[in-house]
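In: My questions are about this predicted structure, shown below with the sequence.
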Amino acid sequence: MASNLPSTTAVKPLSMMKKLSPFVYIYEPESVVTPETTRLRVPKLIFVASWMDAQDLHIVKYITRYQAVYPTSTIVLAKFVLKESVSPSLLRNAVEPAFTYLRSQLDAGFLSASPREPEILMHLFSNGGSTTIRTLYELFQFRTGRPFPLHAAVYDSCPGIFSFSTIYSVLILNFPRGFLRFIATPIIILFVTCLWIIHAFRFITGEDYLSANWRVFNDLDLVKQTNRAYIYSKADVMVDWRHVEMHARQAAAEGLDVRTEVFEHSTHVSHMRTDGERYWKIVTETWERARAT
């Protein structure tokens, strides 16, 4: 399988995609539907929701692999940029172009609002991608009055819930080791402590975004899925693997078709780099199971 990978070194990051906004890109292949792709029943649309502040050179590796595996599938990429997502209104504005594009595909008849079989494969990364998709689900429900269309999903390194150590680990990575990190450490600890207090009193302050992601993903009134796969690692210091497994158990208890794939040594959102063969086998098998159910 690895031999079919396109070279990402020769590709300018995301240059093959149309930019709808600073946060949303689309790729529409020249050939969308052929007798062969109809027979193979590939995804009509693949939605990729990247992790927080992900660099294009990393995102493009997933996009180009999807182009190789499903060359006739439309791809939508939604980025999560922290500074543009600090409030619900900013986050909705960032996700809006993705919703508008998806609705246009529904209106044009390319996608079905109530498909008998899934036409969309969701692939989301970390808590940033989780927040993007949760916002998309909520926006779709609010604007259309119905849940997001039936789909399959791959959850990479997510969802997480609030933990002092994991939030600290996420923030401290923005500072290189040395004097700058030494100065930043007490500020980050104070900031995370404030977040912890807000989280502890959320019955007053309201639901935090991690708790909202956790809840919505197992809300069957908002999420219509044939099946989902969780890919995560015991070596991940940003999202606790035990939290992922807890969410998976809750999803299974709700009646969702769940697959869990734990990696032992890969770090956060690096499972593909650790074992690409296994990673993409999980992804393709997730879609194949969706079509078989």
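Out: Now that the structure is in, tell me what you want to look at. Since the structure is predicted, the reported quantities are computational estimates derived from the model, not experimental observations.
In: could you pull out the strands for the stretch 101-250 of the chain?
Out: Applying DSSP state E, counting those that start in this stretch to the stretch 101-250 of the chain gives strands spanning 120-125, 151-156, 225-233.
In: check contacts around the most centrally placed residue in the chain.
Out: Geometric centre of the chain, nearest residue: Leu124, 1.3 Å, by CA atoms, centre = their mean. Contacts of Leu124 were listed using CB atoms under 8 Å, 6 or more residues apart in numbering, and they are 48-49, 130, 132-133, 153-156, 158. Where you see a C-beta, it was placed from the backbone N, CA and C, and this is true even at glycine.
In: got the residues you listed as JSON lines, with pLDDT columns?
Out: As requested, the contacts of Leu124 are exported to JSON lines (pLDDT from 0 to 100):
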{"residue": "Val48", "pLDDT": "98"}
{"residue": "Ala49", "pLDDT": "98"}
{"residue": "Ser130", "pLDDT": "97"}
{"residue": "Thr132", "pLDDT": "97"}
{"residue": "Ile133", "pLDDT": "98"}
{"residue": "Ala153", "pLDDT": "98"}
{"residue": "Val154", "pLDDT": "98"}
{"residue": "Tyr155", "pLDDT": "98"}
{"residue": "Asp156", "pLDDT": "98"}
{"residue": "Cys158", "pLDDT": "97"}
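In: Most neighbours among the residues you listed, which one is it?
Out: The most crowded member of these, judged by other CB atoms under 10 Å, is Cys158 (31 neighbours).
In: how about the nearest residue to it, chain neighbours excluded?
Out: Once flanking residues are discounted, Cys158 sits nearest to Ser130: 4.6 Å by CB to CB, 6 or more residues apart in numbering.
In: Check which helices and strands the biggest helix by length in the chain sits against.
Out: Secondary structure assigned by DSSP state H gives helix 179-200 as the longest helix of the chain. Counting contacts by 3 or more CB pairs under 8 Å, 6 or more residues apart in numbering; DSSP states H and E, helix 179-200 packs against helix 164-172.
In: The helix it packs on - what's its average pLDDT?
Out: The pLDDT scores in helix 164-172 average 68.
In: For Glu277, give its distance to Thr284.
Out: According to CB to CB, to the nearest Å, Glu277 and Thr284 sit 11 Å apart.
In: Which one's more surrounded, the two?
Out: Taking neighbours as other CB under 10 Å, Glu277 and Thr284 compare with Thr284 leading, 15 against 9.
In: okay, the more buried one: pLDDT?
Out: On the pLDDT scale, Thr284 gets 97.
In: Same check on His268?
Out: His268 is assigned 93 on the pLDDT scale.
In: Skipping adjacent residues, who's closest to it in space?
Out: Among residues not flanking His268 along the chain, Met238 sits closest, at 4.3 Å (CB to CB, 6+ apart).
In: One more: Thr267?
Out: Distances taken as CB to CB, 6+ apart put Ala235 closest to Thr267, at 5.8 Å, once the chain neighbours are dropped.
In: and the one you found, what does it touch?
Out: For Ala235, the contacting residues are 263-267, by CB under 8 Å, 6+ apart.
In: Please tell me how far the residue nearest to His268 sits from Phe179.
Out: Met238 is 24 Å from Phe179, by CB to CB.
In: Same check on Ser73?
Out: Counting by CB to CB, the separation of Ser73 from Phe179 is 47 Å.
In: Any idea how many residues pack against Asp107?
Out: Asp107: 10 neighbours (other CB under 10 Å).
In: okay, it: pLDDT?
Out: On the pLDDT scale, Asp107 is placed at 96.
In: for Glu261, same thing?
Out: You'll see Glu261 listed with a pLDDT of 98.
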